[in-house]
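Asks: quick one: sequence and predicted model below, then my questions.
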Amino acid sequence: MPGSSPSRPLTSLGQTLLTVAAGVAFVAAVAVIGATQPAVGDSPGAFARGGPHDAADVNPEAAEQGEQAEEKNGAFEEAQEKGIAGQSRPTGAAAAAPVAGWAGEQPVDNLADDWEPAIATDPSAPWVYTLVTRYGAKPCSGNCPSPFIAVRISADGGASWGASKPLCACKGSGQFDPIIEVVPNTGAVYASYMNGYNIMFIKSTNHGATWSAAVPVYGNVSWNDKPTIAVSNNGVDVYISFNGPTGGDPWMAQSHDSGATWTQTKLVDSGRYYFDFDSDVAADGTVYFAETSILYGGGNKGTTPTGQIEEHVFISRDRGATWENRTIASVWPGIACVADGCTPDFYLGHIALSVDGSNRVVALYDGAPAAGGRQTIEARRSTNGGVTWSAPVTLSAAGETTDAPAIESRGTGDVRAWYYQTSGGANVDAWNVWYRTSTDGGATWTAAVKISDATGGAAYKTAAGFAEVYGDYGEIGITSAGKSIAIWGEGTSYAGPGGAWFNRQP
């Protein structure tokens, strides 16, 4: 049937199973699951783009990450000297009336250079949590990370916020790629981030007042990039996917004791580079990871994709013991990014996924109908646990370029989504964020509403939009009151400076 794909059970690849207990790595057994078909790995981290790499490339890749972090910090310092760093909530002539039903766009922090924000909402209480990668500052003196992950917490659905604090002022290298989730049944908060090229897990059981010691999830995997995290309703089962050796292959770390100990399994060996962008656990325990795979330059090197981008969903129905790989769509790479500091593939290969309370799955992804064309946002849905998928529904406007969708679901068919979209066709220096909803599980959608409604407040914002997508993902949440709250990044260029902005339904 159109839009459906056969199941590709993962077969043995000889992966090493590694166990991490309370942060100490133990080599356990060889227990393997793999695949005959390339599967998708983690979302490209802030600095993974342009860098398919293998185990031999660990030090050069880490050096590149450090160089780009230095470049972003330098761009922020230069902007400070010119008096154009930071952003403020627009007032007076700079302000536009908030779009109907929304409180109005505002920055997470008025002064900070924030990149790739994440958000999580508590479904049973009015708590909201945001994480950002913060440049141009250190959370402590001495050997302290820069950039670092900053957390901000609201106890009233996003109406007011506490002060920003470091998630973990851990000694060591820079921190990147934060992801945060709330355990539905307990209200505990789980988060992951990269410490250099190592992924850590951290949690709070008191609404972020204090956080546990950070636990490594990667075992003996030599490098790992851009995690996404999925949590069961009771918080016992935790899954973190990432890309790693060799050449961007997908890995799955999982814990079945609320994050205390971890095992790691390499899912696929492939010549394609895998990027993980979103994940969810259904009420029945089925686990979904939405990932894309890209072929670079005819192989695993370079920054310019060749051939089609594949949209995958990894599915486990037995708490991570085995995984299915479903290819739900193939799209072409769109226009190349030419912003300052940008690699050509920055706009490409994003996918978002969510499961509602009735186990209906909706996936959104960006891609072009022909190589080098304008990317659109398409939605596909599954009503049978990801076994088959619908034909695509296009959400974005014709004649524009789109990027990096975000999605969240609840109840029976209640779906909320946003995506970046250009304003004016060929003008890729004016972007906005557009919001759409569905009440029937993604079959039909409301008209698009522009929620990046501030027309000023930062050097990169005008009435037409903001200059550049800042960070290749953002997120959306649904509060306990049933209101949407969305967060994304805006900036002058890829190199920055920029900031994280959000809007909410009051």
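Replies: Structure's in. What do you need?

Asks: report the mean confidence score over stretch 371-390.
Replies: The pLDDT scores in stretch 371-390 average 97.

Asks: quick one, helices of the stretch 301-450 of the chain?
Replies: Along the stretch 301-450 of the chain, counting by DSSP state H, counting those that start in this stretch, no stretch forms helices.

Asks: which SS class is the closest residue to Gly162 other than its chain neighbours?
Replies: Nearest non-adjacent residue to Gly162, counting by C-beta to C-beta, 6 or more residues apart in numbering: Ile153, 5.0 Å away. Placement of C-beta: from N, CA and C, glycine included. Under the three-state scheme (DSSP: H, G, I helix; E, B strand; the rest coil), Ile153 adopts strand.

Asks: who's Ile153 bridged to?
Replies: Beta-bridge pairing for Ile153 (DSSP bridges): Tyr129.

Asks: let me see the contact set for it.
Replies: 127-130, 161-162, 207-208 (C-beta atoms under 8 Å, 6 or more residues apart in numbering).

Asks: tell me which stretches of the stretch 101-250 of the chain form strands.
Replies: Using DSSP state E, counting those that start in this stretch, the strands assigned to the stretch 101-250 of the chain run over residues 106-107, 113-121, 128-135, 148-154, 165-166, 175-182, 189-195, 198-204, 215-216, 225-231, 238-244, 249-255.

Asks: let's have the ones you listed in CSV, adding distance to Gly341 and mean pLDDT.
Replies: As requested, the strands of the stretch 101-250 of the chain are exported to CSV (distance: least, C-beta to C-beta, whole Å; pLDDT from 0 to 100):
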stretch, distance to Gly341, mean pLDDT
strand 106-107, 21, 96
strand 113-121, 12, 97
strand 128-135, 12, 97
strand 148-154, 20, 98
strand 165-166, 25, 97
strand 175-182, 15, 97
strand 189-195, 19, 97
strand 198-204, 24, 97
strand 215-216, 30, 97
strand 225-231, 18, 95
strand 238-244, 21, 96
strand 249-255, 27, 97
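
Asks: nearest to Ser358, out of those?
Replies: Proximity to Ser358 (C-beta to C-beta) singles out strand 225-231 among the strands of the stretch 101-250 of the chain, at 18.0 Å.

Asks: look up the closest residue to Asp429, ignoring the ones flanking it.
Replies: Closest residue to Asp429 apart from its sequence neighbours, by C-beta to C-beta, 6+ apart: Ala467 at 5.3 Å.

Asks: neighbours around the one you found, how many?
Replies: Ala467: 21 surrounding residues under other C-beta atoms under 10 Å.

Asks: please apply the same query to Ser124.
Replies: Neighbour tally, Ser124, other C-beta under 10 Å: 12.

Asks: tell me who's in contact with the residue nearest to Val221 when sequence neighbours are not counted.
Replies: Spatial nearest neighbour of Val221, excluding adjacent residues (C-beta to C-beta, 6+ apart): Gly244 at 5.1 Å. The neighbourhood of Gly244, defined by C-beta under 8 Å, 6+ apart, consists of 41, 218, 221-225, 251, 266.

Asks: mind checking how far Gly244 is from Arg272?
Replies: Noted for Gly244: a distance of 14 Å to Arg272, by C-beta to C-beta, to the nearest Å.

Asks: what does Tyr135 give?
Replies: Distance from Tyr135 to Arg272, by C-beta to C-beta: 31 Å.

Asks: now Val151
Replies: Taking C-beta to C-beta, one finds Val151 at 34 Å from Arg272.

Asks: same thing with Tyr296?
Replies: Distance, Tyr296 to Arg272, using C-beta to C-beta: 8 Å.

Asks: ok, now Tyr419?
Replies: 24 Å.

Asks: over to Pro147?
Replies: In this view, Pro147 and Arg272 are 29 Å apart by C-beta to C-beta.
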